[in-house]
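# Model the structure of this input:
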Amino acid sequence: MEEHVGLLIAIARRRLEKLAVARAAQHQLSMPQFWFLVAVAEHPGASQAELCAWLHHDAPTVSRLVTALSGQGLVRTEADPRDRRRTLLALTADGAQLAAGLAPSAREIRDAATEGMSAPDVDRLRRGLRRVIANVEDRLAREAGSPGSTGGLTTAAPARRAGARERRGALRFVAARGGGAAARQTEVRRRNGHAAIARRGERTGR
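Have a look, this model is predicted:
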């Protein structure tokens, strides 16, 4: 029996992450820090927003990486002289030296993913993966805009969905900062209270 494509993608990602984590640990870096330094080295003069797009990270994630690596003296920020609203990123002397040492490991990981494949094979794989990503994003967008299993919207449905989004955001926020189970439960209870107030307001027309 052949594996589903989604399963194969998940397996490939886990294997690549395992390889990247091992290489990053050799330099006392996390995997996201490893790839971020590689990206800054490969895109000199790029803005923070551009690196978000290249790495497919959200802005808060990139902001945390910049803060951590700036604190280690590896990355510096500066305002774009042509547009003061843009923040440009560059490597410090220590960061450039470290990034030069990371480059062979980055090439090794990338080559491992396509070893034994011809250039046309790699192009077809790239197009196929982009199609998979687009398909899943389209499905997520449709589900986010669907009325749900009830077959229609109720006045309380928007509040329930907003409350669910807020609770998920709270869990991610606390977990990203190393919060334990107690901290997560406290935050969720607080958010649940806000959601309950919103639902009562909708029922009473306020």
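# what's the offset of the strand or helix carrying Leu129 from the middle of its chain?
For Leu129, the host element (DSSP states H and E) is helix 119-144. Here helix 119-144 is found 17 Å from its chain centre; the criterion is Cα atoms, centre = their mean, to the nearest Å.
# Quick one: mean pLDDT for it?
Average pLDDT, helix 119-144: 94.
# ok, now how distant is the residue nearest in space to the middle of the chain from His4?
Geometric centre of the chain, nearest residue: His57, 3.8 Å, by Cα atoms, centre = their mean. Counting by Cβ to Cβ, to the nearest Å, the separation of His57 from His4 is 27 Å. Heads up, the C-betas are built off the backbone N, CA and C, glycines and all.
# Quick one: list the elements packing against the helix holding Leu129.
If you count contacts as 3 or more Cβ pairs under 8 Å, 6 or more residues apart in numbering; DSSP states H and E, helix 119-144 packs onto helix 5-25, helix 93-114.
# Can you tell me which of those helices is nearest to Val75?
With respect to Val75, and counting by Cβ to Cβ, the nearest of the helices and strands packed on helix 119-144 is helix 93-114 at 5.6 Å.
# Packing partners of the closest one?
Using 3+ Cβ pairs under 8 Å, 6+ apart: helix 93-114 touches helix 5-25, helix 31-42, helix 119-144.
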